[in-house]
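Student: could you look at this predicted model? Sequence included:
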Amino acid sequence: MGTPISSVIAQSVMEHIEQKIMSKYNNKAFFRRYVDDCLLITTPTSMQHILQDFNGAHTLLQFTIEEEKDRTLDFLDMTLINRDNKILTKWKNKKQNSDRILDYYSNHHTGQIRGTIIGYIDRALKLTSPELRPKIIIELKERLIKNNYPTKMTTPIINERIHRLHNLRTTEENKEQKTRIPIPYTKNLSHKITKILKPHNIELVHKPQNQLKEIFTKLKNSTPKSKKSNVVYSIPCKDCDKQYIGQTSQRLHDRLNAHKYTKNATTELVKNLLTIISVNGLVEAHMLENTKRLQLDTYLISQAQKQVILGSTRIVRRILTSS
């Protein structure tokens, strides 16, 4: 896990390095990069020199290389094939792929079933060279059959997408904007609701009722309140409705021990005077006089309350420092 800007910085660093190095090989190499995957076409000698230059850019950056085997090389979701001085592409299925996709008999709307077929066929066609498309279409049909898709449904859709790829150019400008409403899919009922709303330019987006997040709700235990850090907490007074509001970067348990076991609790609270506020946001001397009566069964402040409290604290701090 890193900061949100880390990916931007990594991209800038890679652009700087590759421009500096590849400018020396303009006429000797073909270089393309997607995030951290690089494609290089060059002679064996130049390949080793380029690899040494990249690894010498910085001691913390080390690149590895994978050469073509049997005149093929995997890159992203494609297999590149070196055939007759020409590079062909083919949609790649990973070895660990189980060929399991959305089953035809699952409880999903027909639009989602159809969308599964369209998604796979479009991906296969666009990532595969025309010479290899007939073979990849056969492989795709076999996968669909394994997942119970009827041929009478898949064949027309595949032919339609092939025709669309070669002959049609769609423009988004002329498409009418529709209102989309997501609802759980219920067999038969959802189809009737769709027909009723269609004349009103409202489109239903169906989603399955059973989702993984409902089955696996909590994969890890929540952090106990006492072990949380960077929190705003409240300690109520036992004798009245006043309360001590504190902010700490420590674990809450450690901070409460500082309140509980300090030799001079009043001195401890004076150190934190700028964060002692009551509900109305004013500093209360009462909290200093009744320190021993604070009950340490605290509760954490919500994010919305935290913003209000911190804002009030800043106002109090300005008043105290200016007086």
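Tutor: It's in. A quick note: this is a predicted structure, and the numbers were derived from the prediction, not measured.

Student: confirm residue 74 sits in a strand?
Tutor: Yes: if the criterion is DSSP: H, G, I helix; E, B strand; the rest coil, then residue 74 is within a strand.

Student: that one pairs with what?
Tutor: Counting by DSSP bridges, residue 74 forms beta bridges with residue 79.

Student: give me the neighbour count for it.
Tutor: Counted with other C-beta atoms under 10 Å, the neighbours of residue 74 add up to 15. Placement of C-beta: from N, CA and C, glycine included.

Student: can you check residue 91 too?
Tutor: 19.

Student: quick one: it and residue 129 touch, right?
Tutor: No: in this structure, residue 91 is not within contact of residue 129 by C-beta atoms under 8 Å, at 10.0 Å.

Student: any regions of the stretch 151-300 of the chain where pLDDT drops low?
Tutor: By pLDDT under 70, the weakly predicted segments of the stretch 151-300 of the chain are 168-176, 217-219, 237-239, 259-300.

Student: show me where it has strands.
Tutor: 179-184, 202-207, 229-236, 243-251, 299-300 (DSSP state E, counting those that start in this stretch).

Student: pretty sure residue 203 contacts residue 181?
Tutor: Yes: if you go by C-beta under 8 Å, residue 203 and residue 181 touch, sitting 7.5 Å apart.

Student: list residues touching both of the two?
Tutor: residue 197 (C-beta atoms under 8 Å, 6 or more residues apart in numbering).

Student: contact partners for the nearest residue to residue 53 once chain neighbours are set aside?
Tutor: Using C-beta to C-beta, 6 or more residues apart in numbering and skipping the chain neighbours, the partner closest in space to residue 53 is residue 21 (4.6 Å). By C-beta under 8 Å, 6+ apart, the contact list for residue 21 reads 50, 53, 54, 57.

Student: of all the strands of the stretch 151-300 of the chain, which lies closest to residue 39?
Tutor: strand 202-207 (37.4 Å; C-beta to C-beta).

Student: what lines up beside the closest one in the sheet?
Tutor: Here, using DSSP bridges, strand 202-207 pairs with strand 179-184 (parallel).

Student: ranges for the helices of this protein?
Tutor: Along the chain, counting by DSSP state H, helices occupy 6-22, 44-55, 110-126, 133-146, 151-167, 189-197, 212-215, 252-261, 265-271, 285-289, 303-322.

Student: the fourth one packs against which elements?
Tutor: Under the contact definition 3 or more C-beta pairs under 8 Å, 6 or more residues apart in numbering; DSSP states H and E, helix 133-146 sits against helix 110-126, helix 151-167.
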